[in-house]
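> any chance you could fold what I've pasted below:
(one chain, ligands or ions: 2)
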Amino acid sequence: MSETNGTSSPNVAAGPVGTAAPGGPVLEVRGLEAGYGPISVLRPMDLSVEAGTVLGVLGPNGSGKTTLMLTLAGLLSRLGGDVRVNGTTLPSGRAAVANRSGLVLVPDDRALFTALDVRENLAVARRAGGPTDDEIVDLFPPLAPRLRVTAGELSGGEQQMLAVARALVQRPRVLLIDEMSMGLAPVVVEGLLPVVRRIADETGAVVLLVEQHVQLALDVADRAVVLVHGELVRDEAAADLAADPAGLEAAYLGATTLS
Ligand SMILES: Nc1ncnc2c1ncn2[C@@H]1O[C@H](COP(=O)(O)OP(=O)(O)O)[C@@H](O)[C@H]1O
Ligand SMILES: [Mg+2]
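Ligands and ions are numbered 1, 2, ... in the order given. Next up, the predicted model:
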């Protein structure tokens, strides 16, 4: 972290921070309901997230975390409610519009172009003003010697770095990361999470982080929500949730923890 050489220091701060509505929430969700066709999965939920916040999205399998991410990304139509990014209401189920508005999803299957190399995967996704390859490598040093290797030949950890990097070159205002840890050793996830923190700090992006390693997620998050059976049962400072393992465990077992 050096600020010594002024404007040329490689970082990701060339991101969208300047376009954020000053003071207001970057992501605002009101009465959001979601599901598949007529099947409702998410009960109406409200969420308001300020710039630079890492929000952990926790909850047991099948609780609706992926459904929330897909719906925010416009890949699923909403069954009700509003989603706003920097004060602009997004149409339901319009992934391209959501993406242009700054919602960028890192899906749980990574969805890389396996036959393209790392630079090509970044180049096809990059928006004007998005971080350069040098800036990406500064964030993810293990990718430096791998730029000309096809995504299919990367290790799982390298693929996940590339998946996050590919989201980053789109200059996200709201970065949606679904299960970064899928198929990765906890030690690899532990190495990636500080980068997520840095992205939020340096670009002012909101990060929604779905993560099965609850403690690791709470270490890096500012705040976290817990979904149980599609219902948002907790929404608190990450430190408060981390200090209440019994309450968290009860939530994961499906108990009602709201007082
Ligand atoms: N394509 C689908 N069609 C119908 N129901 C689905 C579909 N995908 C997921 N579901 C259901 O939605 C609920 C939430 O799933 P999901 O959002 O994937 O949970 P999580 O990501 O928290 O594990 C589950 O009950 C699951 O069975
Ligand atoms: Mg999921």
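> how far is stretch 142-157 from where the chain is centred?
21 Å (Cα atoms, centre = their mean, to the nearest Å).
> list the buried residues of it.
For stretch 142-157, a neighbour-count test (16 or more other Cβ atoms under 10 Å) marks L143, R146, T150, A151, L154, G157 as buried. For every residue, glycine as well, the C-beta is placed using N, CA and C.
> so what's the closest residue in space to the third one that isn't next to it in sequence up against?
With sequence-adjacent residues excluded and distances taken as Cβ to Cβ, 6 or more residues apart in numbering, T150 is closest to D117, at 5.2 Å. With contact set as Cβ atoms under 8 Å, 6 or more residues apart in numbering, D117 has these partners: L147, R148, V149, T150, A151.
> of all the buried residues of stretch 142-157, which two lie farthest apart?
T150 and G157 (16.0 Å; Cβ to Cβ).
> so which of the buried residues of stretch 142-157 are in helices?
G157 (DSSP state H).
> need the buried residues of stretch 142-157 in TSV with distance to R126 and pLDDT, can you?
Conversion of those to TSV gives the following (distance: Cβ to Cβ, whole Å; pLDDT from 0 to 100):
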residue	distance to R126	pLDDT
L143	15	96
R146	17	98
T150	18	98
A151	15	97
L154	19	96
G157	22	92
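> would you turn the buried residues of stretch 142-157 into CSV with distance to ligand 1?
Listed next are those as CSV, based on distance: Cβ to the nearest ligand atom, whole Å:
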residue, distance to ligand 1
L143, 27
R146, 29
T150, 29
A151, 24
L154, 25
G157, 22
